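[1] only geometry, no sequence info:
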């Protein structure tokens, strides 16, 4: 589970970096990037046990 939590943290950090620096990504790619990251984060969070999910 620690690997799963680390992956979620890494993806959330990538999301935050993109959100804080939107000029890094071409506008047409930006929405797809955000959508993919959100989908991946939510999918991985669903795999966490309930007690860890509540802490995220």
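    Happy to help now that I have it. Note that the structure is a prediction, hence the values are computed from the model and not measured. Numbering: from 1, shown residues only.

[2] and residue 49, how far is that from residue 3?
    For residue 49, the distance to residue 3 equals 14 Å [C-beta to C-beta, to the nearest Å]. From N, CA and C alone the C-beta is placed, and that goes for glycine too.

[3] do the same with residue 20
    Taking C-beta to C-beta, one finds residue 20 at 26 Å from residue 3.

[4] And residue 11, how close does it get to residue 4?
    Residue 11 is 11 Å from residue 4, by C-beta to C-beta.

[5] Between the two, which has more neighbouring residues?
    Ranked by neighbour count (other C-beta atoms under 10 Å), residue 11 and residue 4 place residue 11 first, with 17 against 14.

[6] For the more buried one, which non-adjacent residue is closest in space?
    residue 41 (5.1 Å; C-beta to C-beta, 6 or more residues apart in numbering).

[7] thinking that neighbour is in contact with residue 8, fair?
    Yes. The pair residue 41 / residue 8 is scored as a contact, 6.0 Å apart, by C-beta atoms under 8 Å.
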